[in-house]
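Visitor: make a model of this:
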Amino acid sequence: MGQKEVRFELDFAVPPERLWEALSDHASMGKWTGATVRLIAKGDAEGVGAVRRVRVGQLAIDEEVIYTDAPRRMVYRIVRGAPMSFHRGEILISKTATGSHLSWHILFVAPKGFGTLLERSIDVGLGRGLRELRGLIGG
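Guide: All right, here's what the predicted structure looks like:
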């Protein structure tokens, strides 16, 4: 097993509240991720407990939101479908002079060799998706 990390740092020309709205709208994530995303559990009023199913090709992964502090922080984990023994994703949003800064950090443990493939896939796929999101909401 090997530990892997993927990090994204992007600026958006929208306030943190607007960026938060886009990132926490699980049902609309498919518009910018290129994956099919479906909300399968809504969670509480803050979004904790929400579970989204992300389907990329034949792979279906369930991600559960485990912590939120709107519009600043969301923490989630994969609970089903991925060949990982551990996964933690954290989204941080901060206010800037011209809008918002997004810091997205993903840490996971996967079988050696396969972890590198997953790392590259996340880096390319989510990186592309975040640039698409920036184009959709303002960047």
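Visitor: which outside residues touch stretch 108-125?
Guide: 1-6, 33-35, 56, 78, 82-88, 106 (Cβ atoms under 8 Å, 6 or more residues apart in numbering). For every residue, glycine as well, the C-beta is placed using N, CA and C.
Visitor: recalculate using a threshold of 6 Å.
Guide: Contacting residues not belonging to stretch 108-125 are listed as 1-4, 6, 83-87 [Cβ atoms under 6 Å, 6 or more residues apart in numbering].
Visitor: what pLDDT, on average, does the one helix or strand His105 maps to get?
Guide: Using DSSP states H and E, His105 sits within strand 99-110. Mean pLDDT, strand 99-110: 96.
Visitor: can I get the contacts of stretch 108-125 in a markdown table with distance to Ala110?
Guide: As requested, the contacts of stretch 108-125 are exported to a markdown table (distance: Cβ to Cβ, whole Å):
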| residue | distance to Ala110 |
| --- | --- |
| Met1 | 7 |
| Gly2 | 7 |
| Gln3 | 9 |
| Lys4 | 7 |
| Val6 | 12 |
| Pro83 | 6 |
| Met84 | 5 |
| Ser85 | 7 |
| Phe86 | 9 |
| His87 | 9 |
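Visitor: of those, which belong to strands?
Guide: 2-4, 6, 86-87 (DSSP state E).
Visitor: now, of the contacts of stretch 108-125, which are buried?
Guide: 4, 6, 84, 87 (16 or more other Cβ atoms under 10 Å).
Visitor: so what strands line up beside the strand holding His105?
Guide: Partner strands for strand 99-110, per DSSP bridges, with pairing direction: strand 2-12 (antiparallel), strand 86-96 (antiparallel).
Visitor: what's the longest helix in this structure?
Guide: helix 114-137 (DSSP state H).
Visitor: what comes up buried for it?
Guide: 115, 118-119, 122, 126, 129-130, 133-134, 137.
Visitor: stretch 105-114 too?
Guide: The neighbour-count check on stretch 105-114 (16+ other Cβ under 10 Å) flags 106, 108, 110 as buried.
Visitor: list the contacts for the nearest residue to the second one once chain neighbours are set aside?
Guide: Distances taken as Cβ to Cβ, 6 or more residues apart in numbering place His87 nearest to Phe108, at 4.4 Å, with adjacent residues excluded. By Cβ under 6 Å, 6+ apart, the contact list for His87 reads 77-78, 108.
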